[in-house]
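*Asks:* Quick one: sequence plus predicted model below, questions after.
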Amino acid sequence: MTVLEALADHERVTDIAEVTGLPKSTVHRILRVLVDHQFALNVGGGRYLGGPRILSLSSKVLGRFEPAYYADAALRKLQQETGYTVHLGLLVGDDVVYVAKVEGSKPYHMPSRVGMSIRPHCTAVGKAALSWTDESQVREMVRRAGMERRTAHTITDEDALVAELRAVRERGYALDMEENENGIICLGAPVFDHAGKAVGGVSISTLTLEPWKQPVEDLAGTVVKVGEEISRSFGAPAATAAVRS
């Protein structure tokens, strides 16, 4: 398995042996087996590439991929650690769609629901994802879909949104200060997929009548860690999943 994983980044037997810590003779033997089963290709000159069997297998896995299932444990842990309502939202076209929700420990429930579409420019999950999206793409999106004013606090200016997204990326987390719903505030962090692309965000929500019980920076650290954990469960490269590094 370590040799198979090393094939994603290395081609030469010497390099694979170095990163796996295995003797070159062992790597040669394993590669021969992988080639026999089409998980590797011998392209000559001591170089190997991932084989077609990897592509077909990954295609099947992605075809059955259920984000909410892979993220469930991390989302529930976040709810238990904070007590707040937790959401996982993914970018779908010009919107964010809630794919998972864990209710908080309070007697009230948030009005959100799984399957609900929301605008990314005024939500913590949306801004967290957009902060890692190319600015030109963000501008194209808001020009195409508009920037609906949901409350008096909603950002409706394109340049102001871009500046906000730069700040979000700088600090690693996004805030929704009654920008989508009056009386509700949220804190979100980005989630990345297997290709290292920001595909959505994870967030915690509370009422303005019951503000954060901890400093925002402390809560943000917790949410960002869960975002990294979910990203890893989605197969994100380690360097991408650790967005704070």
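*Replies:* Structure received. Numbers count the residues shown, from 1 in each chain.
*Asks:* tell me the SS of the residue sitting nearest the centre point of the chain?
*Replies:* With distances taken as CA atoms, centre = their mean, V191 lies nearest the centre of the chain, 1.3 Å away. When classified by DSSP: H, G, I helix; E, B strand; the rest coil, V191 comes out as strand.
*Asks:* Might one say that it is in contact with V223?
*Replies:* No: using CB atoms under 8 Å, V191 is not in contact with V223, being 10.8 Å away. In short, each C-beta sits where N, CA and C put it, glycine included.
*Asks:* what's the overlap in contacts for the two?
*Replies:* V202 (CB atoms under 8 Å, 6 or more residues apart in numbering).
*Asks:* distance between the top helix by length along the chain and the chain's centre?
*Replies:* Ordering each helix of the chain by length in residues (DSSP state H) puts helix 216-233 first. The chain centre lies 10 Å from the centre of helix 216-233; the measure is CA atoms, centre = their mean, to the nearest Å.
*Asks:* for it, packing partners?
*Replies:* helix 67-82, strand 184-192, strand 198-207, helix 238-241 (3 or more CB pairs under 8 Å, 6 or more residues apart in numbering; DSSP states H and E).
*Asks:* V92 is nearest to which of those?
*Replies:* Of all the helices and strands packed on helix 216-233, strand 198-207 sits nearest to V92, with 8.9 Å by CB to CB.
*Asks:* Can you tell me the strand partners of that closest one and which way each runs?
*Replies:* Strand 198-207 sits in its sheet next to strand 85-92 (antiparallel), strand 184-192 (antiparallel), going by DSSP bridges.
*Asks:* Next, the angle from it to helix 67-82.
*Replies:* 40 degrees (axes from the mean of the first three to the mean of the last three CA atoms, to 10 degrees).
*Asks:* then stretch 18-27 to PDB, C-alphas only?
*Replies:* In PDB, the C-alpha atoms belonging to stretch 18-27 read as follows (Å, rounded to 0.1, in the frame of the first residue of the first chain):
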ATOM      1  CA  GLU A  18      13.400   6.400  -0.200                       C
ATOM      2  CA  VAL A  19      10.000   7.700   0.700                       C
ATOM      3  CA  THR A  20       8.600   4.200   1.800                       C
ATOM      4  CA  GLY A  21      11.700   3.200   3.700                       C
ATOM      5  CA  LEU A  22      11.700  -0.200   1.800                       C
ATOM      6  CA  PRO A  23      14.800  -1.800   0.200                       C
ATOM      7  CA  LYS A  24      14.900  -1.300  -3.600                       C
ATOM      8  CA  SER A  25      14.700  -5.100  -4.200                       C
ATOM      9  CA  THR A  26      11.400  -5.100  -2.200                       C
ATOM     10  CA  VAL A  27      10.100  -2.200  -4.200                       C
END
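*Asks:* ok, now which ones touch the spatially closest residue to L49 that is not a sequence neighbour?
*Replies:* In this structure, L49 finds its nearest non-sequential neighbour in L41, 4.7 Å apart by CB to CB, 6 or more residues apart in numbering. By CB under 8 Å, 6+ apart, the contact list for L41 reads 35, 48-52.
*Asks:* Could you check how far the residue nearest to the centre of the chain is from G201?
*Replies:* To G201, V191 is 6 Å away according to CB to CB, to the nearest Å.
*Asks:* who touches both of the two?
*Replies:* 88, 128-129, 227.
*Asks:* can you redo those as JSON lines with distance to C122?
*Replies:* Compiled in JSON lines, the shared contacts of V191 and G201 are given as follows (distance: CB to CB, whole Å):
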{"residue": "L88", "distance to C122": "18"}
{"residue": "A128", "distance to C122": "12"}
{"residue": "A129", "distance to C122": "13"}
{"residue": "G227", "distance to C122": "19"}
